[in-house]
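Chemist: build me a structure from this.
(chains A, B, C and D)
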Amino acid sequence: MNDAFGNALSFRYELLLPEIILAITAALVIGADAFRSELRLGRRILPWLSVLGLLVAGGVSLLWIDESSDFQLLLTIDNFTTFFRVLFIATAVFVILGSHEYVEKHIGHIGEFYALILLSTVGAIYMAAARELLTAYVSIEILSFSLYVAVSLARNDRRSGEAALKYALLGGVASAMLLYGLSLLYGVGGSTQYAEIGAALAGGAPGMTLPLLLGLALIIAGLGFKASAVPFHMYTPDVYEGAPLPITAYIAATSKAAVLALFLRWFSGPLLPAIDDWQWMIVGLSLASMALGNLIALQQHNIKRLLAYSSIGQVGFMLMAIATISEVSASALLLHIGGYLITNLAVFTAVIALYNRTGTEEISGFRGLAQTNPYLALVITAGLFSLAGMPMLAGFLTKFILFQSASQGGYLWLVTFAVMMSVLSLYYYLKVIREMYLHQPDGDPSRWRLTPTGYLATGVLSLGMVVVGVYAAPLYTMADRASRVLF
Amino acid sequence: MGMEQVWVLPAILAGVFVVVALFNRLLPHRGDFLAILGMLAVVALVALVLLDFQGAFVGGHFDPAGTNVYAFDWLTIGHDFFTIQFSTFVDSITVVMLVVVSFVALMVMLYSVGYMHGEPRYGWYFALLAFFTAAMLTLVISGNLIQLYLAWEGVGLASYLLIGFYWERRTAAEAAKKAFITTRIGDVGLLIGIILLWRATGSFDIQTIIAAARSGAIDETYLTVAMLLLFAGAAGKSAQFPLHVWLPDAMEGPTPVSALIHAATMVVAGVYLVARFSPVFAEVLVARDVVLYVGLLTAVMAATMALVENDIKRVLAYSTVSQLGFMFVALGAGAVTAAMFHLFTHAFFKSLLFLGSGSVIHATEHQTVEQLGGLRRKMPITTLTFVVGGLALAGVPIFAGFWSKDEILVAVNEGAALPVYAILALTAGLTALYTTRLILLTFFGEPKNQHAFEHAHESPPPMLGPLVILAALATVAGFVALDGVGRALGFAGGIGEILYLSSPHHFEFNAMLALASTVVAVGAIGIGWAYWSGTAERATRARLWAPELHQLLVRRYYMDDLYQALINRVILGLAGVVAWFDKRVVNETGVDGGAQLLGFFGYRLKFLQTGKIPNYALAMAVGLTAIVLVAFGRQ
Amino acid sequence: MIPIENFLLLAAVLFAIGFYGVLARRSAILILISVELMLAGAAINFVTFATYLDPVGFSGAVFALFVITVAAAEVGLALGIVLRIFRERQTVNVDEVDSLKW
Amino acid sequence: MFDRLPLPSQFDRIIVQGGIAATLFGVPVLVVLLALLIGNRIEAPELVFWLDATVVLLGALGAVFLRNLVHAALALIATLIGVAGIFLLLANEFLALVQILVYGGGVVILLIFGLMLTNAQDDPVVTDGSQKPFAFGIAAILGGLFVAAVIDANWGAQTLSVVPFRDFGARLFRDFLVPVILVAVLLDIALTGAFVNARRSSDEDAMVPTGQDAEARS
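Modeler: Numbers count the residues shown, from 1 in each chain, chains lettered A, B, ... in the order given. Here you go, the predicted structure:
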């Protein structure tokens, strides 16, 4: 059995340092929470401890830019991994910064909340880093399990438990489908190594057409669930609504990006030879997601559900890049994911800040925000405009490049449809903006302020949104360097 | 400062925008002087650019289809996939646009000092004006389509914010949303058109694309589609049928904004775009004909609607739509020169009319002709300037509109079928008719609302100044078409010689046609005078004369109702159907109805509610089964 | 030697039966049980492929071990959530857990 | 909770019923298989396979069809032990052991405890329409497609090899070290999840009993 792996084994444990730091931080956070009274610590320490751990891990991961190293052929630390390491760690930082006030008020188990964010970040990073099916699968489950638990953490809210049940049960079904697909892929490819699967598929896998197709369909169904692509999206709005707001933000950002990272690794590498077999499946999911997500979003009046359907639509856009996978569309997708994460987090951080004040998730709760907190109204407006793809904000440029690369991949009709759906989305985003600017506040019309961390998080994210929208070249360069290792 | 440094112009105003938007509360007068100083500087620099251009042109070293005068790579995607540049391009139509935009913007800013005095968001208003002008200048100097599109959306955003400036007013916010979404529909076309052109040529650079299209490297059908999509964008921005509905509603914005954005500058962006691509339109005659007939239809429709409208600003808005239609007709007939000339003169007299109407509204707090009348006694200067603008619009000889409209009629007479010319000439008559009606009902006759009349007063000097300047220009701007004036300015063949893209064009003066259009205009004025100068109730008598027709016009050919129904029934209905499908078909019919279909299982049909895990799992299972079935079926 | 198809067919049927259970059962715990059946099908597949097609590397066998572990963990986690639902609503019927909808 | 446990007599009944069922299905299968064996149509290992497969499938059918939840859980034990047998047939004793230990010893007990703690007796009867026919149709189509794929495929050269315990361990802890560590994280998360949800929180009394979500919906 040594021969299977030969002498290629590398044991450079320092490459795993960022995740080790995250895990240790998670343990410290839980410990600090458990022995809070003994250690005479305030709860305020927990977010800062988590952020500290994240920042250290993020800093350490920057050591390996342009590294290209395998860890036992299970993981690879290359630019792609580093890109997502930094992205996920930054996402976690902003989710924590934007939500600690919310967490103190509405979360039952605060230590576990932060620990879960840290641990799920590990899972998300290894989804991007894996180069072997087993590692990838366990990473997927780490992320999923963390989210099942995190969704259930809201205190005194029956919806939270219900959302967790739906998420966990349906997630179990989805991972069973994924696993079955993986087992067929293993049978066809004869290995769990991406490289060897790719080699086997490039050989045409004679006599195994149907098992391969079945495996691909099951894998796409399983991953489609995790990415909430239609028709595997059904849980999404319920889970978004039932989850605590920061977790909704986290699902919309990290979970989605991690699945797309996995999509990129798989579909640009081992599965690329079978592109004729899966391309149309992804196109179908993309089309259905764009149409359904954007159309149903028109009818929503809860901001979380609205954003859930809008994120389904966004996944449709992103899947276009997977369907037309190429070096350019992979970089375009990475760029778009970066911009999307920034935008989404900006919107959610602002919504969380608003929720802390008003306690309602209905869109009517946005009434008169332009009067009571013009800054926050501006941030939300900019974020929604960016999601709708307005120029000078991240959303337009990244989406434009994404569409452009997809149109070059031969799917002009899909791109045309996507552009139209993108305009349709403006309609429901404007609904929210209208509430903020057009209506008088329902309650107290006096002005109010955010917490300092609220200002910090929304400010940095809004700035990022504008910077990416106006001058995307640096982020694109990073995305390009990250995607170049894929092919 | 020459053509190479033209990017400085928007940069100055962008800086002004940032400073005024952020710090207007700290600055004296909320920073209005900064905006005006910035604008003055821009006008001065435009003059330098103009001189530079003139020098290059007269010196013979100006290449009308030359390359970008300034460019740097802004974002390179892939290794040779595409590059987004920041590039500027200056040629004759750019220069015309620069002059129009900067000059009208300066006038409007000066006017606004008086008009917007005491507004709560005074500083924000000037910041937005600066932002708009920066975006508009970026648009006209763009050398590539991406930059053009960004600026295009930028002016759209500025327009949205300015229409909704009084967002406390529900109608204003609704109008802003309507304008935004309607123009965005056109923008989709523009964006797809840009993508199509890029696919065909691999470039976003406008001159590269034009060269490729003219060399026949692009399939003609493909090119036609791309050009039609581009025109869809232009039609959205320039309020052409069937996307014209937003412009009248856009009058909810402050009146100076209407003068700047919705009369002189932003709405002509569509004309500018088509003019910019006119060498390509010349290659694809189907697309050119579409431009021609859409323009014609819009011109006629809008002119007839203006006849029955009672709101001063809306009359002017319809008039703008109609005049833009004239410009598109000229473009469709292949007369870029005439279109750009009309754009030039129209900017002056239409912004003059808007500012004049603002003066009236400022003085009386009313804007429907049913509440006005007799104002000439109270506001002599406003009346005088308004009449000058009206004469220009009506196309009375000597005034600016006469020359440019005549150019269009000449061009159409040459370049299009006779019926087109006849209809257009008739529409010119209608123009004179509604202009007469508007002026008579507003400034002449007896006051219809005594209270408003007594309250009225002449506007303060900051508002009158721009009116007088613009009135002067509305009188003389047409003279640039005369050979003598052109020679005096240094262009041997007259100004017309420089306003071309593919082939030089000399302004022609066809005495017969000029006489004919003069007769039409003066005749229409006479009819209008005879009809509306009488008693007050005659103003409203038209609706007795032909009630159905009147109703049709007042309801704007039912276009707005149609769209509302479309949005309500179709789009929201479609969303409703999908949502309904999600919960009824997938979850209930799929469960219950399906059970009934498979009736032998004997389940009762009863409404179930969704939110149920098994139903969600069923959706997943159906999705998976469908994929596998198709996959196996393909084998 | 037993043909490989025998094992694969068994796994396929097991998966389908499990899927049926997921779709048809209303008790959250029974849905969990059905998911276990689906996972068992996948595990059989993995071990079969490992034994027949990948005798040197036998990654599939290792994979199956992880499948068993993850499945056990999932049951623990999901049962916790089910207990919470039961405490809050006195039911584990997933049809009655439907306050989030539309 | 304890009054919900089945009485010993009920266990007897379950075992007797199960035995009768197993005999009813098992004996004919056994007879058929023996006949095939004697007729040299199948080899001895294959006979064992078919017997084991019968157990697995019967258990699975029981788990998804039996109305009584405890019965269903017990049927699941049959399936899981049957799967352990399959692993043995696939020459992997280690996995067979793990299967019995983890599933038989852990998971099923956990499931039965869950059933007890939730006072569950029968699968809730659906009176207002059910998706069972659909579920059946979809599962049948999917199962058919799966079977078709397996039969259609040509799986190439096949060898049956025994994996020694030692190699398995070495492979697991040497080559697949990272997933092992990751699974530790996973189990930790699952533990946390079970803990935060199953534990009765101190402020549960403050829980809004009804109407909150109905309110949010309206």
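
Chemist: if I pick residue B:268, what's in contact with it?
Modeler: Residue B:268 makes contact with B:97, B:100, B:238, B:324, B:327, B:343, B:346, B:347 under the criterion Cβ atoms under 8 Å, 6 or more residues apart in numbering or on different chains. (Each C-beta comes from the backbone N, C-alpha and C, glycine too.)

Chemist: any idea of the pLDDT on it?
Modeler: Looking at residue B:268, its pLDDT is 88.

Chemist: what about the strands in the chain?
Modeler: No chain was given, so I picked chain A. Assigned by DSSP state E, chain A shows strands spanning A:69-71, A:75-77.

Chemist: that answer is for a different chain, and I need it for chain B
Modeler: B:70-77, B:82-88.

Chemist: hang on, the earlier thing: out of the contacts of residue B:268, which is most surrounded?
Modeler: Neighbour counts for these, by other Cβ atoms under 10 Å in any protein chain shown, peak at residue B:324, which reaches 32 neighbours.

Chemist: what's near enough to touch the nearest residue to that residue once chain neighbours are set aside?
Modeler: Sequence neighbours aside, residue B:238 is the residue nearest to residue B:324 in space, at 4.9 Å (criterion: Cβ to Cβ, 6 or more residues apart in numbering or on different chains). Residues in contact with residue B:238 (Cβ under 8 Å, 6+ apart) are B:267, B:268, B:269, B:270, B:271, B:324, B:328.

Chemist: the nearest residue to residue B:216 once chain neighbours are set aside: neighbour count?
Modeler: Once flanking residues are discounted, residue B:216 sits nearest to residue B:283: 7.9 Å by Cβ to Cβ, 6+ apart. Residues within reach of residue B:283, counting by other Cβ under 10 Å, total 20.

Chemist: any idea how far residue B:218 is from residue B:283?
Modeler: 9 Å (Cβ to Cβ, to the nearest Å).

Chemist: ok, residue B:255 next?
Modeler: In terms of Cβ to Cβ, residue B:255 sits 44 Å off from residue B:218.

Chemist: with residue C:79 instead?
Modeler: Relative to residue B:218, residue C:79 is positioned 64 Å away (Cβ to Cβ).

Chemist: so what's the residue count around the residue nearest to residue B:469 when sequence neighbours are not counted?
Modeler: Excluding its sequence neighbours, the residue lying closest to residue B:469 (Cβ to Cβ, 6+ apart) is residue B:107, at 6.5 Å. Residues within reach of residue B:107, counting by other Cβ under 10 Å, total 26.

Chemist: re the thing from before, any idea which of the strands of chain A is most buried?
Modeler: Neighbour counts (mean count of other Cβ atoms under 10 Å in any protein chain shown) averaged over each of the strands of chain A peak at strand A:75-77, with a mean of 23.

Chemist: chain center to that strand: distance?
Modeler: The chain centre lies 20 Å from the centre of strand A:75-77; the measure is Cα atoms, centre = their mean, to the nearest Å.

Chemist: got a list of what the residue nearest to residue B:216 touches?
Modeler: B:213, B:214, B:216, B:220, B:223.

Chemist: pretty sure the fourth one contacts residue B:285?
Modeler: In this case it means residue B:220. No - here residue B:220 lies out of contact with residue B:285, judged by Cβ atoms under 8 Å, at a distance of 9.7 Å.

Chemist: more neighbours, residue C:79 and residue B:218?
Modeler: Neighbours were counted for residue C:79 and for residue B:218 using other Cβ under 10 Å; residue C:79 has more, 26 against 22.
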